[in-house]
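Novice: curious how this folds, go ahead:
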Amino acid sequence: MSTPEQTAASTPKENLFTELQALDRGAHRQMRLARLVHSDHSPARGMNSMLANAVEFMDLAREYPVVFVRAVDPAANNGKLEVSPVAVLGLKRGENLFLKDDGSWSASYVPAMLRSYPFAMVHTEDNNYIVCFDKAWSGFSEQEGERLFDDAGEPTEFMKGVQSFLEQLDSELQRTRAFCQRLVELDLLQDMRFDAQMEDGQTLVVDGFLAVNEQKLAELPDATVVELHRSGILALLYAHIGSMAIMRRLVERRLALKLPA
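Specialist: Below you'll find the predicted structure:
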């Protein structure tokens, strides 16, 4: 998403990962995770949105606006539109209204993408995948914390749990891509913008995102509505539509924090 202005005090960040590196049982046998991101969400500082999975919509929609963004430029993709759902964390670039100064998170549900940090699963050209980690994360150590590999170089129970979570997250991402593709096929998404009046009289404009066109949704053929209902897509769309009202709550968060418009 983009906005007309950007605060000088925050630096925009598009990705959680700073220095992604493949995890190797030989080179990283002594590596430990001394601090989990569950207690320090500072890697999300500067991010005003975060990639969401469709399976998260119900949880996310209670606390965050859930919208869609263009994943790639259609002009560079043979004119094909590809979109991704995101949870909105702030109303300006570089602004995360849910991250406190001490690194704690001020919402009960933390997006799965952030919970998976500092690890990620990356697909290779031969259709396999490798587990990677953010080398820049300060929570790694060789002296204390959870070991990733045992003395024989095999994943520990902790690391097996990490891999299982990453595999589940990757599966949900694949389902989410199919869900988004169906929305594009049905031409249900439209460009939207959100205008908020600040206390000083300035207008804060948020644009660059897509939302479901409710009129087009209402005009779908009955057979298509039944299909969307049975596949679970319809419930996800209503969760997304309902979450749009939370944009106003983000304005209230900004006002409480006395942030400039």
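
Novice: so which residues of the chain form helices?
Specialist: Using DSSP state H, the helices of the chain run over residues 57-60, 112-116, 157-185, 214-218, 222-231, 233-243, 247-257.

Novice: just name the most buried of the ones you listed.
Specialist: For those, average neighbour numbers computed from mean count of other C-beta atoms under 10 Å are highest in helix 57-60, which has a mean of 21. Heads up, the C-betas are built off the backbone N, CA and C, glycines and all.

Novice: what is that one packed up against?
Specialist: Here helix 57-60 touches helix 233-243, going by 3 or more C-beta pairs under 8 Å, 6 or more residues apart in numbering; DSSP states H and E.

Novice: isn't residue 25 right up against residue 156?
Specialist: No: Residue 25 is beyond contact range of residue 156, at 10.8 Å (criterion: C-beta atoms under 8 Å).

Novice: mutual contacts of those two, please.
Specialist: When contacts are counted by C-beta atoms under 8 Å, 6 or more residues apart in numbering, residue 25 and residue 156 are jointly contacted by residue 149.

Novice: kindly state the pLDDT recorded for residue 67?
Specialist: We have a pLDDT of 96 for residue 67.

Novice: how near is it to residue 47?
Specialist: Separation of residue 67 from residue 47 (C-beta to C-beta, to the nearest Å) stands at 15 Å.

Novice: ditto for residue 117
Specialist: 11 Å.

Novice: which of the two has more neighbours?
Specialist: Between residue 117 and residue 47, residue 47 has the larger neighbour count (other C-beta atoms under 10 Å), namely 25 against 20.

Novice: and the residue nearest to residue 136 when sequence neighbours are not counted, how many neighbours?
Specialist: Spatial nearest neighbour of residue 136, chain neighbours left out: residue 18 (3.8 Å); criterion: C-beta to C-beta, 6 or more residues apart in numbering. Look at residue 18: counted by other C-beta under 10 Å, it has 12 neighbours.

Novice: so what's residue 18 up against?
Specialist: Neighbour list for residue 18: 43, 134, 135, 136, 137 [criterion: C-beta under 8 Å, 6+ apart].

Novice: just the pLDDT for it.
Specialist: Value for residue 18, per-residue pLDDT: 91.

Novice: what do you get for residue 182?
Specialist: 96.

Novice: separation between it and residue 207?
Specialist: 25 Å.

Novice: do residue 217 as well
Specialist: According to C-beta to C-beta, residue 217 and residue 207 sit 21 Å apart.

Novice: list the buried residues of stretch 67-80.
Specialist: Across stretch 67-80, burial judged by 16 or more other C-beta atoms under 10 Å covers 67, 68, 69, 70.

Novice: as TSV, these with distance to residue 55 would be great.
Specialist: Converted to TSV, these look like this (distance: C-beta to C-beta, whole Å):
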residue	distance to residue 55
67	17
68	16
69	19
70	22
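
Novice: and which of those residues is nearest residue 222?
Specialist: The closest of the buried residues of stretch 67-80 to residue 222 turns out to be residue 68 (C-beta to C-beta; 24.9 Å).

Novice: beta-bridge partners for that closest one, please?
Specialist: Beta-bridge partners of residue 68, counted by DSSP bridges, are residue 85, residue 210.

Novice: wait, isn't it in contact with residue 189?
Specialist: Yes: counting by C-beta under 8 Å, residue 68 touches residue 189, with 5.8 Å between them.

Novice: what touches both of those two?
Specialist: If you check residue 68 and residue 189 against C-beta under 8 Å, 6+ apart, the residues they both contact are 83, 183, 210, 211.
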